[in-house]
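**Q** The following block contains a protein sequence and its predicted model.
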Amino acid sequence: MNNLISSTQGGNAQLNWSACQLQERDTWRCELPDDVRQELLEFGTKQPRITAATFRWHPGQWPCLLRFGQQVKQQLVAGDGVFCLQGLGSLELSAEQLRCFYIAFGSVLGQPMLQYGLLYPVVDRGASYKEQSVPVSMTNSETCFHTDSSAVDVVPDFVGLLCEQPSQQGGDSLVSNALRVHEILHRESPELLASLRCDKYRDVVTPGKEKTHENLLRNRFPIFSDCSRGGAVLFRYMRYWIEVGHRKAGLPLDALELEAMDRLDALLEHADNVVRFRLERGDILWVNNRVLAHNRTAYQDTPGNIRQLQRMWIANED
């Protein structure tokens with residue numbers, strides 16, 4: 001573990017940011033470069049009636065996006081781990097044209113994962129994740145800091161969000177640096193970190209497996225584990241699904257495990273590790289789902305203002 005920590009502090013120093021450091025940088029958010037903007041506008045002019053369902057990604061048709069996307073990918077893997085593209089809402093593109101560009105952008109970063117479909121609408125459907133085995137994305141609740149996918153064999157490398165309609169009441173985006181949290185735990189609470197590095201059961205939520213007791217018992221993995229990619233640490237966490245998984249498995253979490261997750265939550269929520277911002281219409285957010293945790297504040301839809309985002313899961317093929 002010491003060698004992994006050392007490599008993280010060295011080769012991936014930019015990824016190991018504090019909130020203050022990230023907010024001072026201009027590396028993780030920008031508007032479209034002029035050549036990519038022109039490419040997108042020409043696409044919109046040539047295909048005014050295209051839809052996300054009929055769109056097909058062809059790299060040769062988007063050479064400027066391809067170059068830009070490779071830069072963003074490097075930013076996600078070895079830079080800040082988060083990237084926000086702003087200003088698309090001012091281009092007067094249709095919702096379907098924006099979705100097509102978003103699909104193209106995601107396809108540059110890697111292979112879209114289809115467990116929830118190519119695009120998954122993040123919208124309040126009146127559900128409660130505490131009463132039903134449904135993703136928190138179907139609710140208007142604060143999500144708590146987490147990574148996407150509770151399935152042992154499904155690990156999105158990048159999670160994307162296209163904002164189609166922001167909320168007027170809440171719904172801010174938050175990102176926390178779990179890589180930095182890991183180093184704090186290693187330094188200050190090694191016994192708690194050791195507990196977080198042990199397997200934890202997760203409720204079966206991600207599509208692809210039947211919700212059987214047998215599949216539940218197979219669905220176990222650590223919160224932190226060693227990894228040869230992207231910072232030498234893999235972080236996978238959603239506390240609620242761990243608590244439900246252990247309860248359904250008949251294996252209650254012990255006092256040390258609960259203390260460790262309490263400490264983890266406190267560090268993920270600490271102001272030193274959290275950056276908060278608001279996505280506007282057309283903004284696209286990408287997050288490294290292996291080392292950063294994300295969250296959103298609770299929100300409330302109102303007549304004429306229904307918050308909706310489109311999510312993508314991307315597997316990094318490199």
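**A** That came through, no problem.
**Q** Check for me that residue 243 belongs to a strand.
**A** No. Counting by DSSP: H, G, I helix; E, B strand; the rest coil, residue 243 is not found in a strand; it is helix.
**Q** so who does it touch?
**A** residue 253 (CB atoms under 8 Å, 6 or more residues apart in numbering). The C-beta positions use only the backbone N, C-alpha and C, and glycine is treated the same way.
**Q** and it, how far is that from residue 228?
**A** 30 Å (CB to CB, to the nearest Å).
**Q** got any ranges where the stretch 151-300 of the chain has weak pLDDT?
**A** Where the stretch 151-300 of the chain drops to pLDDT under 70, the residues are 229-231.
**Q** Give me the neighbour count for residue 138.
**A** 18 (other CB atoms under 10 Å).
**Q** likewise residue 64?
**A** Residue 64 has 16 nearby residues by other CB under 10 Å.
**Q** One more: residue 184?
**A** For residue 184, the count of nearby residues is 17 (other CB under 10 Å).
**Q** what do you get for the one 3 residues further on?
**A** Applying the criterion other CB under 10 Å, we find 10 residues in the vicinity of residue 187.
**Q** can you map out the helices along the stretch 51-200 of the chain?
**A** 63-78, 95-109, 178-188, 190-196 (DSSP state H, counting those that start in this stretch).
**Q** Just send those helices back as CSV, with distance to residue 88 too.
**A** As requested, the helices of the stretch 51-200 of the chain are arranged in CSV below (distance: least, CB to CB, whole Å):
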stretch, distance to residue 88
helix 63-78, 12
helix 95-109, 6
helix 178-188, 28
helix 190-196, 38
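**Q** and residue 297, which of those helices is closest to it?
**A** Comparing these against residue 297 with CB to CB, the closest turns out to be helix 178-188 (19.0 Å).
**Q** Show me what counts as buried in that closest one.
**A** Neighbour counts over helix 178-188 (16 or more other CB atoms under 10 Å) mark 178, 179, 180, 181, 182, 183, 184, 185, 186 as buried.
**Q** between the helices of the stretch 51-200 of the chain, which one is nearest to residue 206?
**A** Nearest to residue 206, of the helices of the stretch 51-200 of the chain and by CB to CB, is helix 95-109 at 18.5 Å.
**Q** of the helices of the stretch 51-200 of the chain, which approaches residue 256 most closely?
**A** helix 190-196 (5.1 Å).
**Q** quick one on the thing from earlier: out of the helices of the stretch 51-200 of the chain, which is closest to residue 167?
**A** helix 95-109 (16.9 Å).
**Q** Pull out the CA atoms of the closest one and give them to me as PDB.
**A** Extracted in PDB, the C-alpha atoms of helix 95-109 (Å, rounded to 0.1, in the frame of the first residue of the first chain):
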ATOM      1  CA  ALA A  95     -32.600  19.000 -27.600                       C
ATOM      2  CA  GLU A  96     -32.000  16.100 -30.000                       C
ATOM      3  CA  GLN A  97     -29.000  17.700 -31.600                       C
ATOM      4  CA  LEU A  98     -27.500  18.300 -28.200                       C
ATOM      5  CA  ARG A  99     -28.100  14.600 -27.300                       C
ATOM      6  CA  CYS A 100     -26.400  13.600 -30.600                       C
ATOM      7  CA  PHE A 101     -23.300  15.700 -29.800                       C
ATOM      8  CA  TYR A 102     -23.300  14.300 -26.200                       C
ATOM      9  CA  ILE A 103     -23.300  10.700 -27.600                       C
ATOM     10  CA  ALA A 104     -20.500  11.600 -30.000                       C
ATOM     11  CA  PHE A 105     -18.500  13.200 -27.100                       C
ATOM     12  CA  GLY A 106     -18.900  10.100 -25.000                       C
ATOM     13  CA  SER A 107     -18.000   7.800 -27.800                       C
ATOM     14  CA  VAL A 108     -14.700   9.700 -28.200                       C
ATOM     15  CA  LEU A 109     -13.900   9.000 -24.500                       C
END
